[in-house]
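Colleague: sequence first, then the predicted structure, then my questions.
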Amino acid sequence: MADQSIHGMWSSRLMFVLAAAGSAVGLGNIWRFPYVAGENGGGAFVLVYLGCIALIGFPIVMAEIVLGREGRKSPINTMADLAKRSRRSTIWQAVGWMGAGTGFIILSVYSVIAGWVMAYVIRMASGDLAGADSGSAGAAFDGFTQDAGSVLGWHTLFMILTMFIVARGVGRGIEFAVKYLMPALFFLLLMLVGYSVVTTGPAFGEGLAFMFSFKFDQLTWAAVLLAMGQAFFTLSLGMGTMMTYGAYMPAGASIPGTAAMVAILDTTVAILAGIIIFPLVFANDLTGSTGPGLMFVTLPIAFGQMTGGQVFGTAFFVLVSFAAITSSISMIEPACAWLVEKTGFRRPMVAVILGVIAWVLGLGSALSFNLWSDVQLLGGLNFFESMDYLANNIMLPLGGMLIALFTGWMVDKSIVRQQMAVSEGGLLFFLWIVRVVAPAAVFVVFVMTLLG
Ligand code: PHE
């Protein structure tokens, strides 16, 4: 087993946690979770989501890190190596390939939305949205996304920033950024929770009730699939990101301990984002089911009414931009590591090649809100919705299921034992989950969704 990766290493256990949390905490928590929960009835969705995090997500985070730290390479080569060492078919590396492909799809969509976020930094700072109410904030959002030119411009800028940081490498880029940005993001989130409690009055209770009252009659298998997909997406799971970050993790750090911290931080941020957004929805007579625009409509209203709102609002969107960047980098890092290993090309060149591919794919999503809004792909969904659906609800859970099966059934048990470094009982429990429970859960949800 190598104790270093050729791509660099996190300088400590804490830096691994911050980088992995930086990947996990992103638009998935602040932008996607509230709107998907809102569209699916709130409470029941949230409960299933939490269940998926605990039962499926958390064990697979550990599985990915186990593989990554053992292999110390890109997911494609790590899976090939571990298969060989365990005398299994190297066809398993196909899971790494699928993950790399999923990464492009996710990044392409992500970059477009992160572009919106950056545009909102400027709009907030300019005072454009000062005093916004539910009508004007909604109109401002629609007007912006229908302007193909500026959406494309912001998409381009975000992709350039992503390529730039990936080009700088593991230590100097990511580690430096997350060290300062993650604590700041937490601080601002807490401040906004406080704001939401103080200003929304009775709507605060309504918002909480919407998130936490479990109305099971609203729960369909399609919604369960969405909750499971969201659990994978928010934990950066099922496509090799955690495997790649695990490859850069120091040897001594505990995998269950660090994985738990990442999962807890990520879940906390999602719940806090919901606690901020839903009371604002109810206090302003909006509806929770407005789709991808939810965050872009509610937060400007909140900041628009608040003293110092211009400054805080700007700061908030800046921090969401950084949260997005610390995630977007981790989407092409698996492919980047592979191409560096494969070709020996220098990282900056590889980063640019990969970024350009994702940028081109992103054009489809950018145009879905304007010029191509009538173009339909999967079952009546537009391009953006199709990419989002395919990646989050199918490819990530499928990838995660295969990673769990690979870890549980294919890799030599002695490797898993050594990496997990838990008691024998703990090891058996972990193996039982990744062999049976997590894959079966994903399988059942797939089948039930297909059957309707
Ligand atoms: N976890 C990130 C978020 O919640 C998204 C992500 C998915 C990042 C897959 C990397 C890999 O925003």
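Modeller: Ah, there it is. Residues are numbered from 1 along each chain as shown.
Colleague: give me the neighbour count for residue 79.
Modeller: 31 (other CB atoms under 10 Å). Yep, even glycine has a C-beta here, placed from its N, CA and C like the rest.
Colleague: contacting residues around it?
Modeller: Applying CB atoms under 8 Å, 6 or more residues apart in numbering to residue 79 gives the contacts 67, 71, 92-93, 95-96, 406.
Colleague: next one: it from residue 88, what distance?
Modeller: Per CB to CB, to the nearest Å, residue 79 is found 10 Å from residue 88.
Colleague: what residues are up against the closest residue to the ligand within the stretch 251-400 of the chain?
Modeller: The stretch 251-400 of the chain approaches the ligand most closely through residue 327 (4.2 Å), counting by CB to the nearest ligand atom. Neighbouring residues of residue 327 by CB under 8 Å, 6+ apart: 22-28, 110, 236.
Colleague: buried ones in whichever strand or helix holds it?
Modeller: Mapping residue 327 onto the secondary structure by DSSP states H and E places it in helix 309-343. Neighbour counts using 16 or more other CB atoms under 10 Å place 309-310, 312-341 of helix 309-343 among the buried residues.
Colleague: same check, this time on stretch 147-158
Modeller: 151-152, 154-156, 158.
Colleague: please identify which of those residues is nearest to residue 254.
Modeller: Each of the buried residues of stretch 147-158 was scored against residue 254 by CB to CB, and residue 158 proved nearest at 34.7 Å.
Colleague: where's the closest one relative to residue 391, distance?
Modeller: Counting by CB to CB, the gap from residue 158 to residue 391 is 18 Å.
Colleague: repeat for residue 47
Modeller: For residue 47, the distance to residue 391 - CB to CB - is 24 Å.
Colleague: which one's more surrounded, those two?
Modeller: When residue 47 and residue 391 are compared for neighbours, residue 391 comes out ahead with 26 against 18, by other CB under 10 Å.
Colleague: wait, that one sits on residue 109?
Modeller: Yes. The criterion here is CB atoms under 8 Å, and residue 391 meets it with residue 109 at 7.4 Å.
Colleague: and the angle from the helix or strand containing residue 184 to helix 309-343?
Modeller: Residue 184 is part of helix 176-199, with elements assigned from DSSP H and E. Helix 176-199 and helix 309-343 meet at an angle of 150 degrees, taking axes from the mean of the first three to the mean of the last three CA atoms, to 10 degrees as the criterion.
Colleague: residues in contact with the helix or strand following helix 176-199?
Modeller: Next along the chain after helix 176-199, taking DSSP H and E as the criterion, comes helix 202-212. Residues outside helix 202-212 that contact it (CB under 8 Å, 6+ apart): 37, 42-43, 46, 196-197, 200, 271, 274-275, 277-283, 288.
Colleague: spell out which parts of the stretch 251-400 of the chain neighbour the ligand.
Modeller: 327, 330-331 (CB under 6 Å from any ligand atom).
Colleague: between those, which is nearest residue 295?
Modeller: Closest to residue 295, out of all of those and judged by CB to CB, is residue 327, at 15.2 Å.
Colleague: buried among the contacts of helix 202-212? Need that as a selection in ChimeraX.
Modeller: Selecting only the buried entries of those in ChimeraX, with 16+ other CB under 10 Å as the criterion:
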select :37,42,43,46,196,200,271,274,275,277,278,279,280,281,282,283,288
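Colleague: show me the shaky parts of the stretch 51-200 of the chain.
Modeller: Applying pLDDT under 70 to the stretch 51-200 of the chain flags no residue at all.
Colleague: distance of the residue of the stretch 51-200 of the chain found nearest the ligand relative to residue 365?
Modeller: Proximity of the stretch 51-200 of the chain to the ligand (CB to the nearest ligand atom) peaks at residue 106, 5.3 Å away. With distances taken as CB to CB, residue 106 is found 11 Å from residue 365.
Colleague: same check, this time on residue 297
Modeller: Counting by CB to CB, the gap from residue 297 to residue 365 is 19 Å.
Colleague: ok, residue 142 next?
Modeller: Counting by CB to CB, the gap from residue 142 to residue 365 is 17 Å.
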